[in-house]
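Asks: After the sequence you'll find the predicted model.
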Amino acid sequence: MNNEPDPKAPSRRIRRHFDPKHPLKHHPSILLGHEDAESFQAVRDAVNEEFTPKTNYQQQLAEIAAQNMWRALRSAAAESAHIDIQIAEQAPQVDRIYTEIDGHARTALVLADPAIAHTKRLLNHEETVYTHRHFLAVDRLKRCKS
């Protein structure tokens, strides 16, 4: 049996770059493959503009705040996408049953499914955890400023 990879097959390697010499520079380890580096940089810039970190410790806290805000935003986006996908999957069946139905009612039908509601709770929990971590870093930054 040949264990060599097929040269025509798409690469299955996932590359994450982190430069320990410059940990505060843009590093895609926080970003998923489909996410926009410029959007993450905008979150980072907003945190840096708000707190103007001066020391390395303050810069690290600002980075933690930015990364956790990004993760919270990602969780919120994933929840919305998950519900949209479920609405689309249920649409043929729902359209056969209802002659008129608005978006809120479609969402309610999706959320009535216990498995979907469970996934939503998990995503909400993740968003809450990252938001909490963001604000812990922000509180530390505020204490450093005073």
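Replies: That came in fine, so what should we check first? Note that the structure is a prediction, hence the values are computed from the model and not measured. Numbering: from 1, shown residues only.
Asks: Check the residue positioned nearest the centre of the chain and give its pLDDT.
Replies: Within the chain, the residue whose C-alpha comes closest to the C-alpha centroid is R74; the distance, by Cα atoms, centre = their mean, is 1.9 Å. Per-residue confidence at R74 stands at 96 (pLDDT).
Asks: same for the helix or strand containing it, what does it pack against?
Replies: When secondary structure is defined by DSSP states H and E, R74 falls within helix 56-97. Contacts defined by 3 or more Cβ pairs under 8 Å, 6 or more residues apart in numbering; DSSP states H and E place helix 56-97 against helix 37-51, helix 103-111, helix 114-145. Quick note: C-beta positions are derived from backbone N, CA and C, even for glycine.
Asks: In TSV: those, plus mean neighbour count, distance to M69 and mean pLDDT.
Replies: Putting the helices and strands packed on helix 56-97 into TSV (neighbours: other Cβ atoms under 10 Å; distance: least, Cβ to Cβ, whole Å; pLDDT from 0 to 100) gives the following:
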stretch	mean neighbour count	distance to M69	mean pLDDT
helix 37-51	15	6	94
helix 103-111	14	26	94
helix 114-145	15	5	94
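Asks: Any chance of CSV for those helices, columns distance to S80?
Replies: Converted to CSV, those look like this (distance: least, Cβ to Cβ, whole Å):
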stretch, distance to S80
helix 37-51, 16
helix 103-111, 10
helix 114-145, 9
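Asks: Nothing else from me, thank you.
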